[in-house]
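# Sequence plus predicted model, see below.
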Amino acid sequence: MAGDEQTKNQSNPSHHGYMPPNAGYGPAEDEIDLADLAAVLFRWKWVIIGLTLIFGCVAFGATSVMTEKYRAETVVQIGQVPAPESSVGQIKQGTINIEMKTREEAAAEKLRGFARQVFASPPFHGSAGFSLQKDLTVSASEDGGGIVEVSLKAPRSADPLDFLTRLNEKLIKDHEQIIHMDRASLNSRIKEMENRIKEHQAKKSSFLKRIERLKKEASFLKQELETVREQLSRLVQAVNHTGADAAGEPLEIFLLGTELHRIQARQDQIYERLTTQFLEKREDLFLEAGRADSAIREKQNDLEILKLQKDNVNHTKVLVPPFLSKQPVAPNLRLNVILALMAGFFMSVFLAFLLEFWQRNKDRIKRLSAHP
């Protein structure tokens, strides 16, 4: 009988106060029983609801006491000048490529530097209720055209509109200095181009005058050639007459022959000048005059481009004056409360399962901790 009782006690460990891990839970299963999970949530529903509401109330209260920030925005167009390689027609038609004197990215970087200066100066003194690193946004427009957008999140008391106005004034003043230097450079180049045009015009005028003198010289040589030919004709007649007269003096015949050779040489010399030297010199002068004329037209075109560049400089200007949003952009009460309620719900669900586990296993945990 004693052996049977011992065997029975060994087969039933509950007699010794020991409960198997699955006692009270039914047979162990690999799958999660959703009904059990729902039952746990239902049993601890007030904990879940209460903790979730506490999170929401804390978020509501914390957000309510935060300083409201509004968004102040402004849009600036950076000064532009026509590109030097643009033609006169492109500038007049407005189809030129735009060369930024200060490109959007560089202008945005300048604005950030000016923002630090304004932030450190009165009336802000570095404690305006906003942070330049977190609340100031300066971005160049993706569409180009020199557009820079500036946005600042700040409380109304920080006077963000005054901040952006001072920022725009600093940028415009800086770019006006750049544009003034560019206009002075353009004026210098215009004067230099005008002087070059005058030089080429003087050269062309000199070549044309030499061509006129050459024409007069050619006319004179033609008249002289006609005179020489007449003299030669009369001399040939005299020589023939003297040769026909048998009684002619030998000295007279010699002198006539000598004079005949001299006049023929003069005729050949004049003819050579008219047919070779004159034509070559006239051709060279026409070529030089043509080059001077081409240079004048080229420089005049360059001069017109420079003048159009000077007259078509676009100054940096404020496209959209600083304005303040009607509603605060931070803190976002609705978003903060929603996030807090979600966080409270998940935390309370986790706590519910943790409490359920403790309720079911606290005796076993105490025994195991008492008898390791």
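Sure, I can see it. Because the structure is a prediction, the values reported are computed rather than measured. Numbering: from 1, shown residues only.

# Skipping adjacent residues, who's closest to residue 299 in space?
Counting by C-beta to C-beta, 6 or more residues apart in numbering, residue 299 lies nearest to residue 197, which is 4.7 Å off, once chain neighbours are set aside. Glycine gets a C-beta too; all of them are placed from N, C-alpha and C.

# likewise residue 267?
Closest to residue 267 by C-beta to C-beta, 6+ apart is residue 228, at 4.7 Å.

# so the residue nearest to residue 299 makes contact with residue 297?
No - judged on C-beta atoms under 8 Å, residue 197 makes no contact with residue 297 at a distance of 9.7 Å.

# who's more crowded, those two?
The neighbour comparison of residue 197 against residue 297 (other C-beta atoms under 10 Å) goes to residue 197, with 18 against 12.

# rewinding a little: what's the neighbour count on the residue nearest to residue 267?
Residue 228 - counted by other C-beta under 10 Å - has 21 other residues nearby.

# Next: the one 10 residues further on.
Other residues within reach of residue 238 by the criterion other C-beta under 10 Å amount to 15.

# I'd like the numbering to begin with 649 instead of 1 from here.
Got it, first residue is 649 now, which makes that one residue 886.

# I'd like the distance from it to residue 728, if you could.
88 Å (C-beta to C-beta, to the nearest Å).

# cool, residue 752 as well?
Following C-beta to C-beta, the distance that separates residue 752 from residue 728 is 11 Å.

# shared neighbours of these two, anything?
Residues touching both residue 752 and residue 728 (C-beta atoms under 8 Å, 6 or more residues apart in numbering): residue 794.

# And for residue 788, the neighbour number?
Using other C-beta under 10 Å: residue 788 sits among 19 other residues.

# same question, residue 752
Neighbours of residue 752 (other C-beta under 10 Å): 22.

# who's in contact with the closest residue to it other than its chain neighbours?
Leaving aside its chain neighbours, residue 752 sits nearest to residue 788 (3.2 Å; criterion: C-beta to C-beta, 6+ apart). Contacts for residue 788 (C-beta under 8 Å, 6+ apart) come out as 752-753, 755-756, 795-797.

# Give me the mean pLDDT for the strand or helix carrying the residue nearest to residue 947.
If you go by DSSP states H and E, residue 845 is part of helix 808-892. Taken as a whole, helix 808-892 carries a mean pLDDT of 84.

# which helices and strands does that helix pack with?
strand 718-725, helix 752-768, strand 795-802, helix 898-920, helix 926-959, strand 965-972 (3 or more C-beta pairs under 8 Å, 6 or more residues apart in numbering; DSSP states H and E).

# export those to TSV and tack on mean pLDDT and distance to residue 820?
Converted to TSV, those look like this (pLDDT from 0 to 100; distance: least, C-beta to C-beta, whole Å):
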stretch	mean pLDDT	distance to residue 820
strand 718-725	93	8
helix 752-768	85	10
strand 795-802	91	12
helix 898-920	72	75
helix 926-959	88	20
strand 965-972	93	7
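
# Can you tell me which of those is nearest to residue 866?
Evaluated over the helices and strands packed on helix 808-892, closeness to residue 866 peaks at helix 926-959, with 5.3 Å, by C-beta to C-beta.

# for that closest one, packing partners?
Applying 3+ C-beta pairs under 8 Å, 6+ apart, one finds that helix 926-959 makes contact with strand 728-730, helix 736-741, helix 808-892.

# If you compare the directions of that helix and helix 808-892, what angle comes out?
Relative orientation of helix 926-959 versus helix 808-892 (axes from the mean of the first three to the mean of the last three C-alpha atoms, to 10 degrees): 170 degrees.

# Centre of the chain to helix 926-959, how far?
36 Å (C-alpha atoms, centre = their mean, to the nearest Å).

# right, and out of the contacts of residue 788, which lies closest to residue 777?
residue 797 (22.1 Å).

# how near is the nearest residue to residue 971 once chain neighbours are set aside to residue 992?
Nearest residue to residue 971, sequence neighbours excluded (C-beta to C-beta, 6+ apart): residue 721, at 6.3 Å. Separation of residue 721 from residue 992 (C-beta to C-beta): 35 Å.

# Of the two, give the one with the bigger neighbour count.
For residue 721 versus residue 992, neighbours defined as other C-beta under 10 Å are more numerous around residue 992 (22 against 18).

# didn't the more buried one look like it was pressed against residue 702?
Yes - with contacts counted by C-beta under 8 Å, residue 992 reaches residue 702, the gap being 6.5 Å.

# Tell me the spacing between residue 702 and residue 691.
For residue 702, the distance to residue 691 - C-beta to C-beta - is 19 Å.

# Who does the residue nearest to residue 752 form a beta bridge with?
residue 796 (DSSP bridges).

# Distance-wise, check it relative to residue 812.
With C-beta to C-beta as the criterion, residue 788 and residue 812 are 17 Å apart.

# same deal with residue 770?
Counting by C-beta to C-beta - residue 770 and residue 812 are separated by 16 Å.

# what about the two, which has more around it?
Using other C-beta under 10 Å, the more surrounded residue of residue 770 and residue 812 is residue 812, with 27 against 6.
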